[in-house]
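Enquirer: Predicted model and sequence below, questions to follow.
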Amino acid sequence: MKSIYFTWLIILIVSTAWAQETLTSEHLEPYTFRFSLASQHQISDEARTIISDLVGENQFVGIAEVHQSQQLSFFTTGLVSLLKEKDFNHLALELGPNSADILQKLSKNPTETSAKIKELNNAYGKKGYAKIPIIFVDKVEDALFVEQASRLTYTFWGLDQEFASSYEMLLDKIYELATNPDTDLKQNYLECKNLLRKTIFKNKISGQSTYCWYQQNETLKSFFNKFQGNVKAEKIIEDVNVSWDIYCKSSTGRGSNQQRADYMKKNFETQYTSAAKKEELPKVLVKLGGVHLTHGLSPFGVDDVGKYLHEKSAENNTGFLSIRQLISYRNGKSNIGKSGWKGVTLFLELGRKDQWTLLDLRPFREKVLKGELKTNDKYKYELNSYDLLLIPPDDKVSKLNY
């Protein structure tokens with residue numbers, strides 16, 4: 001009897017193994033939709049209906065982006081319009097909270113957005129090269145989605161640390177908040193401004209990381225101390241000090257990925273709480289680098305913004321939709337087989353040079369989970385971490401607005 005039982009068990013195992021297929025791009029193709037953007041980079045017709053249905057009632061939508069993608073700036077321009085119709089009013093970006101406030105003011109008159117960003121980049125340039133004080137909105141094409149979001153009355157939320165090249169700009173902002181600037185304060189301010197200009201492109205000063213050096217510098221400390229009791233100035237100073245601490249630890253090998261993620265989550269919660277005073281469940285489009293918007297732990301093992309949004313939306317009984325961007329073609333050449341792209345070949349094979357490609361990953365998550373399809377750990381991670389896959393047509397790095 002035992003012999004018969006084991007025989008049937010072996011047959012069942014073998015037959016199951018034979019029935020289980022390995023995930024290929026052929027499996028993905030029937031679930032893939034391709035489209036083009038309309039004039040002014042708007043999403044229209046069938047694509048608008050499909051994307052709107054995919055967004056559904058999700059409270060948070062994340063664009064897990066490849067940085068400096070020209071095409072993604074075009075898509076985001078259309079997406080903010082589509083999401084506005086679904087009551088999205090906030091755009092969270094990978095820049096500092098004070099930089100986001102400055103960006104909001106720069107785009108107050110939407111038609112002047114590009115010119116204002118260009119003016120800012122030039123104001124903090126050095127020998128013909130911009131310091132890019134506000135990161136990830138510094139390109140010509142970026143101004144398109146910033147302008148459109150501003151026109152649609154989105155509020156900009158800055159989640160991240162203040163960028164490495166923003167400190168002179170923020171120093172100027174702090175000085176503007178002085179109530180009674182005297183000669184001593186002005187002299188201290190000018191010394192700090194000169195110090196930052198001389199050191200901003202250096203990796204080390206006096207044998208230590210530039211950011212660690214900033215933390216200990218007495219000239220900077222003296223200037224900051226003069227603003228005690230000035231609430232608005234103190235907030236900027238606090239954010240600058242946190243940013244320096246994150247950069248200092250990162251540059252000295254002590255690791256700050258979780259600290260940075262926690263800071264981003266804290267900034268999101270602050271902005272969300274403020275918005276919730278006017279809206280019951282504020283809807284937010286979040287545009288961050290791909291590693292930050294996974295449903296679970298990030299590829300670096302960090303409890304990041306995506307996991308936070310996943311849990312927050314579960315508490316709210318709403319939803320978080322994470323859109324993973326990849327690039328199949330750049331400057332007319334395929335990324336298949338290239339360094340950094342080898343782990344997602346099946347996805348890249350879906351891309352087209354002349355069309356946008358959109359794939360719903362969630363059905364395959366279920367098929368792999370149920371054992372109907374098998375794949376390697378890399379693809380399992382991708383399927384569990386993101387909901388949709390977005391691949392632009394032939395892409396290129398955007399041109400600096402300078």
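Expert: Perfect, thanks for sending it. Numbers count the residues shown, from 1 in each chain.

Enquirer: quick one: the strands in the stretch 251-400 of the chain?
Expert: 283-289, 320-325, 329-330, 333-334, 356-360, 373-374, 388-391 (DSSP state E, counting those that start in this stretch).

Enquirer: Which strands border the fourth one, and is each parallel or antiparallel?
Expert: This means strand 333-334. Strand 333-334 has the following strand partners under DSSP bridges: strand 329-330 (antiparallel).

Enquirer: swap in the longest one?
Expert: Strand partners for strand 283-289, identified by DSSP bridges, are recorded as strand 60-65 (parallel), strand 88-93 (parallel).

Enquirer: quick one, which of those is packed in tightest?
Expert: Mean neighbour count, computed with mean count of other CB atoms under 10 Å, is highest for strand 60-65 among these, reaching a mean of 26. C-beta: built from backbone N, CA, C; applies to glycine.

Enquirer: Report the distance from that strand to the chain centre.
Expert: The chain centroid and the centroid of strand 60-65 are separated by 7 Å under CA atoms, centre = their mean, to the nearest Å.

Enquirer: Please save the CA atoms from it in PDB.
Expert: Taking C-alpha atoms only, strand 60-65 is exported to PDB below (Å, rounded to 0.1, in the frame of the first residue of the first chain):
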ATOM      1  CA  PHE A  60      -1.600  57.100  -3.600                       C
ATOM      2  CA  VAL A  61       0.000  56.700  -7.000                       C
ATOM      3  CA  GLY A  62       3.700  56.300  -7.200                       C
ATOM      4  CA  ILE A  63       6.000  56.800 -10.300                       C
ATOM      5  CA  ALA A  64       9.100  54.600  -9.500                       C
ATOM      6  CA  GLU A  65      11.200  56.500 -12.000                       C
END
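
Enquirer: if we can go back for a sec, with mean neighbour count, distance to G255 and mean pLDDT as new columns, can the strands of the stretch 251-400 of the chain be given to me in TSV?
Expert: Formatted as TSV, the strands of the stretch 251-400 of the chain follow (neighbours: other CB atoms under 10 Å; distance: least, CB to CB, whole Å; pLDDT from 0 to 100):
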stretch	mean neighbour count	distance to G255	mean pLDDT
strand 283-289	23	17	98
strand 320-325	23	25	98
strand 329-330	20	31	98
strand 333-334	13	35	97
strand 356-360	20	34	98
strand 373-374	17	35	96
strand 388-391	23	30	98
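
Enquirer: Turn these into CSV, columns for distance to K277.
Expert: Below are the strands of the stretch 251-400 of the chain laid out as CSV (distance: least, CB to CB, whole Å):
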stretch, distance to K277
strand 283-289, 15
strand 320-325, 22
strand 329-330, 44
strand 333-334, 49
strand 356-360, 35
strand 373-374, 46
strand 388-391, 31
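
Enquirer: Nearest to L350, out of these?
Expert: Nearest to L350 among the strands of the stretch 251-400 of the chain is strand 356-360 (5.2 Å), distances taken as CB to CB.

Enquirer: Alpha carbons of that closest one, as CSV, please.
Expert: Extracted in CSV, the C-alpha atoms of strand 356-360 (Å, rounded to 0.1, in the frame of the first residue of the first chain):
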residue,chain,number,x,y,z
TRP,A,356,4.6,53.7,-24.7
THR,A,357,4.2,50.3,-23.2
LEU,A,358,2.1,49.5,-20.1
LEU,A,359,1.8,46.2,-18.4
ASP,A,360,-0.2,45.1,-15.4
